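*Asks:* using only what follows, build the 3D model:
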Amino acid sequence: MRVAGTFPVEDLVTGSASPARPNAVKSADRTVELLEVLSASDRPLTLTELHRELSYPKSSLYMLLQTLVARGWVELDPTRGTYGIGVRALLVGTSYLDHDPVVQVAIRVMEQVRREINETVHLARLDGADVVYLASRESEHHLRVVSRVGRRLPAHSTSLGKALLAARTPAEVDAILPARLTPLTPNTVVERPALHAQLAGFRAVGYAHEREENTPGLGCFAVALPYRNPVLDAMSCSVPLGRLDPDHERQVVEALLHAARTITELLRQFGR
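*Replies:* Reported below is the predicted structural model:
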């Protein structure tokens, strides 16, 4: 089960259950694991499927589901007997974005970048071996109606993840990534030596890029936001390959590098 600017500063989770941690409150731990499984699934799940995935006693799992349904964290489809993530989870996720100072600062800069180069701009955060999308500003050319916000992708397959991995040592990269790297497209770099060589090149130039490694037909460029250590956030720009000539590539990279400097300066001014 299972993405050359100048503007003034002043304008501006896997689906499998994990073992309970030491000293964890069992009921709380199970609740979080259950919600993570439901959120990672691409479809609602039956009680039997959840029992198989989590291995909780079936009676306990059923009572936990009923509690979460009553609270709005889980939705039940009574005709199919399936459970899916509920609207309360969306409200909490939205609150996270509303209160995150990095998101609030970055969005203003992202809007400037999008207006300047008219390409789709993303902000994402490293979470384990994945990146989670926190904000997007779509190009006027873009017709997609489904936002990436809240979605996660393997870090090794995205320019955002590559930019964040390049900010770490090879040993740290190996500790973050799983032993086997899964390809999302035929172009995804999954051989460890090739990925390390790629990251070394990105460290040298100060930005990351990929072509069709996670989405066919798209190239993407990204920069890490080095306002804290370790670096956790990055900004990217996705460009259809049909528009990606050398001049436009240079414009995109310059805009992203300037945006990273601007966001870092603003966050440091605010003491973040």
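*Asks:* list the buried residues for the helix or strand bottoming out on mean pLDDT in the chain?
*Replies:* Lowest on mean pLDDT, DSSP states H and E among the helices and strands of the chain sits helix 87-99, with a mean of 77. Neighbour-count burial for helix 87-99, counted by 16 or more other Cβ atoms under 10 Å, picks out Ala89. Using the backbone N, CA and C atoms, a C-beta is placed for each residue, glycine as well.
*Asks:* again, but for stretch 217-234
*Replies:* Buried, per 16+ other Cβ under 10 Å, within stretch 217-234: 218-227, 231-234.
*Asks:* identify the residues contacting the least confident helix or strand of the chain?
*Replies:* 35, 39, 71-73, 75, 103, 134-135, 149-150 (Cβ atoms under 8 Å, 6 or more residues apart in numbering).
*Asks:* next helix or strand past it?
*Replies:* Of the helices and strands lying after helix 87-99 in sequence (DSSP states H and E), the nearest is helix 101-117.
*Asks:* identify the residues contacting the helix or strand that comes right after that next one?
*Replies:* Using DSSP H and E, the helix or strand that follows helix 101-117 in sequence is strand 120-127. With contacts defined as Cβ under 8 Å, 6+ apart, strand 120-127 is touched by 3, 13, 102-103, 106-107, 110, 113-114, 131-139, 142, 148, 152, 155, 158, 160-161, 164, 176, 231-238.
*Asks:* buried subset of those residues as a ChimeraX selection?
*Replies:* The ChimeraX command for the buried members of the contacts of strand 120-127 (criterion: 16+ other Cβ under 10 Å) is given here:
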select :3,102,103,106,107,110,113,114,131,132,133,134,135,136,137,138,139,148,152,155,158,160,161,164,176,231,232,233,234,235,236,237,238
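*Asks:* just the CA atoms of stretch 252-265, as CSV, please.
*Replies:* In CSV, the C-alpha atoms belonging to stretch 252-265 read as follows (Å, rounded to 0.1, in the frame of the first residue of the first chain):
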residue,chain,number,x,y,z
VAL,A,252,15.4,29.5,-12.8
VAL,A,253,18.7,28.7,-10.9
GLU,A,254,19.5,32.4,-10.3
ALA,A,255,16.0,33.0,-9.0
LEU,A,256,16.1,30.0,-6.6
LEU,A,257,19.6,30.9,-5.2
HIS,A,258,18.4,34.5,-4.6
ALA,A,259,15.2,33.2,-3.0
ALA,A,260,17.2,31.0,-0.6
ARG,A,261,19.4,33.9,0.5
THR,A,262,16.3,36.1,1.0
ILE,A,263,14.4,33.5,3.1
THR,A,264,17.5,32.8,5.2
GLU,A,265,18.0,36.5,5.8
